[in-house]
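K.L.:
Here is my input; please provide its structure:
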Amino acid sequence: MDQFSNGDIFIGEIIGTAVLILFGAGVCAAVTLTRSKAKAAGWVVIAFGWGFGVLAGAYTAGPLSGGHLNPAVTLGIAVDTGHWDKVPVYVAGQLVGAVLGAVLCWLAYYAQFAANAEAENAQPTLGIFSTVPEVRSPVANLLTEVIATMGLVLPVLAFGLTKGLGQSGTQTLMVSFVVVGIGLSLGGPTGYAINPARDLGPRIAHAVLPIPNKGTSDWGYSWIPVAGPLIGAALSGLIFNAAY
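P.N.:
Sure thing, here's the model as predicted:
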């Protein structure tokens, strides 16, 4: 983190996280909205859409900030290395970028959101922007997010041990595949936030955007996709620091 300036980090994380959320929320909109050509394409499409979003966002942000795009990744690295001074800059950029990406998704699907609201089988819109658990159980949902985030952050830290991966750019590609794998394997219970900014930023956007018949933003659940990934990231950093 130390090789990047605060200004570059902030701008890089805004741009990269916005690209991530544009792709991720975009694929959820494509699969969910009634008048979308990708309607009902399924969970596998969503998992790959988010993986490609990580790929595009991280490569875009990489030269400026290293492409964290996720407060959990930033926290895990800080816990492992002890370097905390730039963490607030990373997190601020990630949250701003997440809100911006969600707004861009809404604009891209503006006509589809309007058509969805008028349809007899109108679909809820919160799941396009943020995670919604299939079975609402705070303890179980929190545990799922902790475990899934450890499944992300531990590999991210391990990839960093092989310097050639970072220099060649292969590390970013591998992380993207890990995100797809998490979606396919661990995404079923909660929708796999594994990223506080990915859930909170779009949830804020959902709350303030003039989406017709958008329903609730479910703030009662919103702490879980923030706390779970942060706990998982801190545990990952501690485990990695002790084991490696």
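K.L.:
Pull the contacting residues for residue 146.
P.N.:
Residues counted as contacts of residue 146 (CB atoms under 8 Å, 6 or more residues apart in numbering) are 228, 229, 231, 232, 235. Where C-beta positions appear, they are placed from N, C-alpha and C, glycine not excepted.
K.L.:
where's it relative to residue 89, distance?
P.N.:
25 Å (CB to CB, to the nearest Å).
K.L.:
ditto for residue 216
P.N.:
Distance from residue 216 to residue 89, by CB to CB: 32 Å.
K.L.:
between these two, which one's more packed in?
P.N.:
residue 89 (20 against 11; other CB atoms under 10 Å).
K.L.:
That one contacts residue 9, correct?
P.N.:
Yes: counting by CB atoms under 8 Å, residue 89 touches residue 9, with 4.9 Å between them.
K.L.:
Under a three-state scheme, what state does whatever residue is furthest in space from the centre of the chain occupy?
P.N.:
Distance from the C-alpha centroid of the chain peaks at residue 120, with 31.0 Å (CA atoms, centre = their mean). The three-state assignment at residue 120 reads coil, by DSSP: H, G, I helix; E, B strand; the rest coil.
K.L.:
Now tell me which helix or strand of the protein has the poorest mean pLDDT.
P.N.:
helix 163-168 (a mean of 66; mean pLDDT, DSSP states H and E).
K.L.:
what's the following helix or strand after it?
P.N.:
Counting by DSSP states H and E, the next helix or strand C-terminal to helix 163-168 is helix 170-186.
K.L.:
Now do the very next helix or strand once past that following helix: which elements does it pack against?
P.N.:
Following helix 170-186 in sequence order, the next helix or strand is helix 196-208 (DSSP H and E). Judged by 3 or more CB pairs under 8 Å, 6 or more residues apart in numbering; DSSP states H and E, helix 196-208 is in contact with helix 6-32, helix 71-81, helix 87-108, helix 126-129, helix 224-243.
K.L.:
Quick check: which of these is nearest to residue 57?
P.N.:
Nearest to residue 57 among the helices and strands packed on helix 196-208 is helix 6-32; the distance by CB to CB comes to 3.5 Å.
K.L.:
That closest one to helix 196-208, inter-axis angle?
P.N.:
Helix 6-32 runs at 60 degrees relative to helix 196-208, counting by axes from the mean of the first three to the mean of the last three CA atoms, to 10 degrees.
K.L.:
for the record, mean pLDDT for helix 6-32?
P.N.:
Across helix 6-32, the average pLDDT comes to 98.
K.L.:
Stretch 148-162 now?
P.N.:
92.
K.L.:
What lies in contact with it?
P.N.:
70, 72-73, 76-77, 80, 165-166, 171, 174-175, 178-179, 181-182, 186-187, 190, 192, 194-195, 228-229, 231-233, 235-237, 239-240, 244.
K.L.:
residues contacting the closest residue to residue 228 other than its chain neighbours?
P.N.:
Excluding its sequence neighbours, the residue lying closest to residue 228 (CB to CB, 6 or more residues apart in numbering) is residue 145, at 2.5 Å. The contact partners of residue 145, by CB under 8 Å, 6+ apart, come to 190, 192, 193, 194, 224, 225, 227, 228, 229, 231, 232.
K.L.:
what pLDDT does the nearest residue to residue 200 once chain neighbours are set aside get?
P.N.:
The shortest distance from residue 200 to any residue other than its chain neighbours is 5.7 Å, reached at residue 226 (CB to CB, 6+ apart). pLDDT for residue 226: 98.
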